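K.L.:
here is a sequence with its predicted model. Questions after.
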There are 2 protein chains.
Amino acid sequence: MTYRALDSHTVVDYLRSVEALDGVLERDSPLVAKEVGDGNLNLVFIVENPKNPKQSVVLKQALPYLRVAGESWPLTRERMRFESQALIKHNELAPGLAPQVYVYDDAMSLVVMENLSHLEVMRRPLVARKRFPHFADHISTFMARSLFFTSDLYLTGVAKKTLQAQFINPHLCEIQEKFVFTNPFMPSPENHWNPNVDDMVQAVRGNGALKIGLAEMKAKYMTCAQALIHSDLHTGSIMADADETKVIDPEFGFFGPMGFDVGAVLENLVLNYLSHFAHTPDPDVRADYQGYLLDLVRDCWNQFAQKFEALWIEHPDGDLMPASFWAYPGGAEAFAEFRARYMAELFRDTVGFGGSKMLRRMMGIVSVWDITSIADLEKRAIAERYAIRIGTRWVLERAQMRTIEDMISVVTEEVTNT
Amino acid sequence: MTYRALDSHTVVDYLRSVEALDGVLERDSPLVAKEVGDGNLNLVFIVENPKNPKQSVVLKQALPYLRVAGESWPLTRERMRFESQALIKHNELAPGLAPQVYVYDDAMSLVVMENLSHLEVMRRPLVARKRFPHFADHISTFMARSLFFTSDLYLTGVAKKTLQAQFINPHLCEIQEKFVFTNPFMPSPENHWNPNVDDMVQAVRGNGALKIGLAEMKAKYMTCAQALIHSDLHTGSIMADADETKVIDPEFGFFGPMGFDVGAVLENLVLNYLSHFAHTPDPDVRADYQGYLLDLVRDCWNQFAQKFEALWIEHPDGDLMPASFWAYPGGAEAFAEFRARYMAELFRDTVGFGGSKMLRRMMGIVSVWDITSIADLEKRAIAERYAIRIGTRWVLERAQMRTIEDMISVVTEEVTNT
């Protein structure tokens, strides 16, 4: 089928023609479609069977024209391909933790997937002090499984590189490379920041040791092809409620350093923590919820590390290194020590990437809603000053950090002492 | 044109039909072809114009049938593609230091290139104590230019990843992954070693700290996509005489860690150095030539590091990091410090990869001719014991090594003290 843009009528005809949807939608029932996208890059339809509200899907289609500067049709199509491929892979590796993909149609540049409108994107409920009793368990499972099973720890070298070839994603990578590690820390027209923290922004731009650290983290992002990472795993890419957690929007996915994903989750929880200095004036209520958030940070790392290493022990035959390499007297201890050193480096990366990303949110092209929703610039600056101090220390002190308590201590020290 | 295997007659007809050879061969002159390959994977023809001996080319064509176990036609074709692509890239980046490619014909799975039969593969003349007055200069230029210009230090992220996609080389990588880092250090049927060093081979297999180091170097080889590396840059892949140096056989080329190439050159010079304990009985003659070889080791690293950093200073606008990132008071010093730290890590990688490769030559699938040409197994064991001690220390002590003198000291200490 050649490409044609769908509308709320033709989308129904399209879906009726797709046999792969049997079991998802009664295709001969009357179906109702509603366009809900922002019309920039993609059309987004929710299609429902009014007779059976459980039957509904989301169809996302790339548009062949531009409304956003700098985008082109091949790039938009490519983005749809990377997102679909990654969603399919995430479903395979971490079932239930990503929206299910029913159809990916490359010629039509569209994907049909599970409708998640019963869930919330996490940022807002976190600002509203909601709790997610399964979040640490779910996100740590998602990360452990999506990262471990796409790494050389599990795959053969040939299988890994074959998969990697499908995720060479230069244009989306470029966005992260420039806007996470470089442009926020030098004059660049798209940067904006709260004028009340201008002194700290200028200080970051002139901090040589910090900039060397950022350059080192960027080098790792650009070269360290450890696993298929989501590469944009902030709390705006996670939908959840009290029972479910779904990781969405993996269009930045490529083979990169695992710590970039783990660092993104932890950093966004800490930014939310800091936002409550403004959002939650009552000190007891605030302390209680902030304590909950730091527990989440701790649980996310600890559960991730525990699950990741357990998978490694359970599946010890990836090409780096197969179990037979450690099959000698004392080999079990050496393998354990190798794992410990591997996890320690993954933790240092987590801290360094978390710090880099925290800083860029304070002075780059885009902050986070948790912070920007603080209307009073002076109150907002309180959170931002903490974030700049914490992000700076995470980058500078990453090599000395041993446990998640070290990472959390930086947060509690900064908000206690300054 | 569809594929057909050439013979010494049809190869002449083929070459006559290729316009790209104008200026290389007078195509209407009588041309004489001779098949010189070993007939396993490839046909290799030398084709000359008897009227003008300066006019000659080598034509290398992949064969569609097997004589070597485990090879398949797609793999053989792929190998020809990677070799041709890499040769073309090396010529572009380091002109004069790789054989010139006149024609690459993908459909015919062949490449036509410069005839280098006036040069020698370096291993034998090094055993015969020949000197190569331009070698350090040439090989350091080759490495500095081929590595720098394919890295994120020079390229945009998009250009680098686009090039990287052409060099996803899973099957050839697998050979290095298994036979450099894994199999030599555990029971595996293809391993062989001198029975006189069996005690040391067993000790290596049971040395936990060393095996962790080897696993860490393998992790880096499998994930660290710094630049287009040759990936098999031993002295058997270099042809030279007193004036010229040409790097050949880059079919293992892929985006990997730079230190793997630099380490290969240094390690092979040291293996040759050790072989002279048998090849050169006269102690004065031996000491003189061994001194020359250690000077080469020193010069190769120092000139490489100097040229690489000079290229970086001259071309500071690759995507990691552009000059504007360092454009602030104190930024020049921070950039210098970042370069120093980058070069220090590249040196540590060089030491670690050099050590891994030295060890594998003593106990894996294939040694080096410098050593295997020592017929007396007891004399051979002298060189091999040194090599195992040096390789072990290079891997174990790599993190503490700061300068090339540290790396050389390990060699001189081991041969002096043991």
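P.N.:
Looks like it arrived, so ask away. Numbers count the residues shown, from 1 in each chain, chains lettered A, B, ... in the order given.
K.L.:
relative to A:Gln290, how far out is the residue of the stretch 151-300 of chain A found nearest chain B?
P.N.:
Among the residues of the stretch 151-300 of chain A, A:Gly208 lies closest to chain B, at 3.4 Å counting by C-beta to the nearest C-beta. Any C-beta I mention is one placed from the backbone N, CA and C, and that applies to glycine too. Note on A:Gly208: its distance to A:Gln290, by C-beta to C-beta, to the nearest Å, is 33 Å.
K.L.:
for the residue nearest to the spatial centre of chain A, give me the pLDDT.
P.N.:
What sits nearest the mean C-alpha location of chain A, by C-alpha atoms, centre = their mean, is A:Leu233, with 0.7 Å. Looking at A:Leu233, its pLDDT is 98.
K.L.:
element containing the closest residue to chain B within the stretch 1-150 of chain A, please.
P.N.:
Closest residue of the stretch 1-150 of chain A to chain B, C-beta to the nearest C-beta: A:Leu75 (10.7 Å). According to DSSP states H and E, A:Leu75 maps onto helix A:73-93.
K.L.:
so what's the gap between that helix and the chain middle?
P.N.:
14 Å (C-alpha atoms, centre = their mean, to the nearest Å).
K.L.:
so which bits of that helix are buried?
P.N.:
For helix A:73-93, the neighbour count (16 or more other C-beta atoms under 10 Å in any protein chain shown) marks A:75-91, A:93 as buried.
K.L.:
also stretch A:393-408?
P.N.:
Neighbour-count burial for stretch A:393-408 [16+ other C-beta under 10 Å]: A:393-398, A:401, A:404, A:407-408.
K.L.:
now for the residues you listed: which two are most distant?
P.N.:
Largest separation among these by C-beta to C-beta: A:Leu396 and A:Ile404, giving 18.0 Å.
K.L.:
on that earlier part again, count the neighbours of the closest residue to the residue of the stretch 151-300 of chain A closest to chain B other than its chain neighbours for me.
P.N.:
Once flanking residues are discounted, A:Gly208 sits nearest to B:Ala334: 3.4 Å by C-beta to C-beta, 6 or more residues apart in numbering or on different chains. If you count neighbours by other C-beta atoms under 10 Å in any protein chain shown, B:Ala334 ends up with 20.
K.L.:
A:Ser56 now?
P.N.:
A:Ser56 - counted by other C-beta under 10 Å - has 19 other residues nearby.
K.L.:
hang on, the earlier thing: helix, strand, or coil at the residue nearest to A:Gly208?
P.N.:
With DSSP: H, G, I helix; E, B strand; the rest coil as the basis, B:Ala334 sits in helix.
K.L.:
in this structure it contacts B:Trp326, no?
P.N.:
Yes: in this structure, B:Ala334 is within contact of B:Trp326 by C-beta atoms under 8 Å, at 6.1 Å.
K.L.:
SS state for the residue nearest to the centre of chain A?
P.N.:
Classified using three-state DSSP, A:Leu233 is coil.
K.L.:
which ones are touching the residue of the stretch 151-300 of chain A closest to chain B?
P.N.:
When contacts are counted by C-beta atoms under 8 Å, 6 or more residues apart in numbering or on different chains, A:Gly208 is found next to B:330-331, B:333-334, B:337.
K.L.:
what's the separation between A:Leu377 and chain B?
P.N.:
Distance of A:Leu377 to chain B, computed by C-beta to the nearest C-beta, to the nearest Å: 26 Å.
K.L.:
can you read off the pLDDT for that residue?
P.N.:
On pLDDT, A:Leu377 comes in at 98.
K.L.:
tell me, how many residues neighbour it?
P.N.:
Counted with other C-beta under 10 Å, A:Leu377 comes out at 12.
K.L.:
pretty sure it sits against A:Pro195.
P.N.:
Yes: A:Leu377 is in contact with A:Pro195 according to C-beta under 8 Å; the separation is 7.2 Å.
K.L.:
can I get the buried residues of stretch A:393-408 in a markdown table including pLDDT and secondary structure?
P.N.:
Below are the buried residues of stretch A:393-408 laid out as a markdown table (pLDDT from 0 to 100; DSSP: H, G, I helix; E, B strand; the rest coil):
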| residue | pLDDT | secondary structure |
| --- | --- | --- |
| A:Arg393 | 98 | helix |
| A:Trp394 | 98 | helix |
| A:Val395 | 98 | helix |
| A:Leu396 | 98 | helix |
| A:Glu397 | 98 | helix |
| A:Arg398 | 98 | helix |
| A:Met401 | 97 | coil |
| A:Ile404 | 98 | helix |
| A:Met407 | 98 | helix |
| A:Ile408 | 98 | helix |
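K.L.:
what touches both of B:Ala334 and B:Trp326?
P.N.:
With C-beta under 8 Å, 6+ apart as the test, B:Ala334 and B:Trp326 both reach A:Lys211.
K.L.:
just confirm A:Phe132 is within a helix.
P.N.:
No: under three-state DSSP, A:Phe132 falls outside any helix and is assigned coil.
K.L.:
quick one: contacts for it?
P.N.:
A:122, A:125, A:240-242, A:245.
K.L.:
neighbours around the closest residue to A:Glu26 other than its chain neighbours, how many?
P.N.:
Sequence neighbours aside, A:Asn49 is the residue nearest to A:Glu26 in space, at 6.0 Å (criterion: C-beta to C-beta, 6+ apart). Look at A:Asn49: counted by other C-beta under 10 Å, it has 18 neighbours.
K.L.:
now do A:Gln303
P.N.:
18.
K.L.:
how near is A:Ala340 to A:Ala305?
P.N.:
The value you get for A:Ala340 to A:Ala305, if C-beta to C-beta is used, is 10 Å.
K.L.:
which one in chain A is furthest away from the centre?
P.N.:
Most remote from the centre of chain A, using C-alpha atoms, centre = their mean: A:Pro329, at 41.4 Å.
K.L.:
what's the burial count for the residue nearest to that one when sequence neighbours are not counted?
P.N.:
Closest residue to A:Pro329 apart from its sequence neighbours, by C-beta to C-beta, 6+ apart: B:Gly206 at 6.6 Å. When neighbours are counted by other C-beta under 10 Å, B:Gly206 registers 15.
K.L.:
return the residues in contact with B:Gly206.
P.N.:
B:Gly206 is in contact with A:328-331, counting by C-beta under 8 Å, 6+ apart.
K.L.:
so where do the helices sit in chain A?
P.N.:
In chain A, the segments counted as helices under DSSP state H are A:10-16, A:73-93, A:123-127, A:135-148, A:157-166, A:170-176, A:198-205, A:208-223, A:259-279, A:283-314, A:331-363, A:369-372, A:377-397, A:404-417.
K.L.:
so which of the ones you listed is the most surrounded?
P.N.:
With neighbours defined as mean count of other C-beta atoms under 10 Å in any protein chain shown, the helices of chain A peak in mean count at helix A:259-279, which reaches a mean of 26.
K.L.:
and it, what other elements does it pack with?
P.N.:
Counting contacts by 3 or more C-beta pairs under 8 Å, 6 or more residues apart in numbering or on different chains; DSSP states H and E, helix A:259-279 is packed against helix A:123-127, helix A:135-148, helix A:283-314, helix A:331-363, helix A:369-372, helix A:377-397, helix A:404-417.
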